[in-house]
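K.L.:
Sequence and predicted structure, then a few things I'm wondering about:
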Amino acid sequence: MGKSGFRGGMPGNQANMMKQAQRMQQEFMKMQQELEATNFEFTAGGGAVKAVVSGTREFSEIVIDPEVVDPEDVEMLQDLILTAVNGALKKADEKTSESMSKLQGFPGLF
């Protein structure tokens with residue numbers, strides 16, 4: 001046994017850091033799979049327009065109440081669609097940020 005107190009291999013600190021890194025990678029993969037499987041929904045105009053986006057930022061659904069389709073006011077419908085789409089994306093981004101902040105609990109890695 002040498003002065004450092006260990007025989008071959010990594011010192012205790014480095015081994016712990018490697019274990020933490022592996023655990024963090026596993027947590028990240030799990031979180032990523034959960035986010036990809038989650039749908040985020042947002043409605044605009046009191047439910048007149050609904051947008052649904054997956055955790056991979058792909059839109060799976062846009063629902064428009066036929067009663068809000070007014071050929072004389074297409075701009076209002078466009079605004080409602082944009083509001084619903086941007087709201088759904090914002091929800092997905094917020095959940096992603098929230099999940100990523102949980103990974104920052106691994107000391108010495110961030």
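P.N.:
Arrived safely, thanks for sending. Numbering: from 1, shown residues only.
K.L.:
buried ones in the helix or strand of the chain with the lowest mean pLDDT?
P.N.:
Ranking every helix and strand in the chain by mean pLDDT, DSSP states H and E puts helix 12-36 at the bottom, with a mean of 85. Applying a neighbour-count criterion of 16 or more other CB atoms under 10 Å, one finds 17, 24, 31, 35 buried in helix 12-36. All C-beta spots, glycine's among them, are computed from the backbone N, C-alpha and C.
K.L.:
quick check: mean pLDDT across the helix or strand just after it?
P.N.:
As assigned by DSSP states H and E, the chain's next helix or strand after helix 12-36 is strand 39-44. For strand 39-44, the mean per-residue pLDDT is 95.
K.L.:
ditto for stretch 70-81
P.N.:
Throughout stretch 70-81, pLDDT has a mean value of 94.
K.L.:
For that stretch, could you pull out the residues that count as buried?
P.N.:
Buried, per 16+ other CB under 10 Å, within stretch 70-81: 77, 80-81.
K.L.:
Secondary structure added to those residues, as CSV?
P.N.:
Supplementary listing: these in CSV, determined by DSSP: H, G, I helix; E, B strand; the rest coil:
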residue, secondary structure
77, helix
80, helix
81, helix
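K.L.:
now the least confident helix or strand of the chain, how far from the centre of its chain.
P.N.:
The chain centre lies 17 Å from the centre of helix 12-36; the measure is CA atoms, centre = their mean, to the nearest Å.
K.L.:
just stretch 40-54 next, same as before
P.N.:
18 Å.
K.L.:
do the same with stretch 42-58
P.N.:
15 Å.
K.L.:
hmm, who's touching it?
P.N.:
Applying CB atoms under 8 Å, 6 or more residues apart in numbering, the external contacts of stretch 42-58 come out as 34-41, 59-65, 67-68, 77, 80-81, 83-92, 95-96.
K.L.:
Could I get the buried residues of helix 12-36 in a markdown table, plus columns for distance to residue 50?
P.N.:
Formatted as a markdown table, the buried residues of helix 12-36 follow (distance: CB to CB, whole Å):
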| residue | distance to residue 50 |
| --- | --- |
| 17 | 46 |
| 24 | 36 |
| 31 | 26 |
| 35 | 20 |
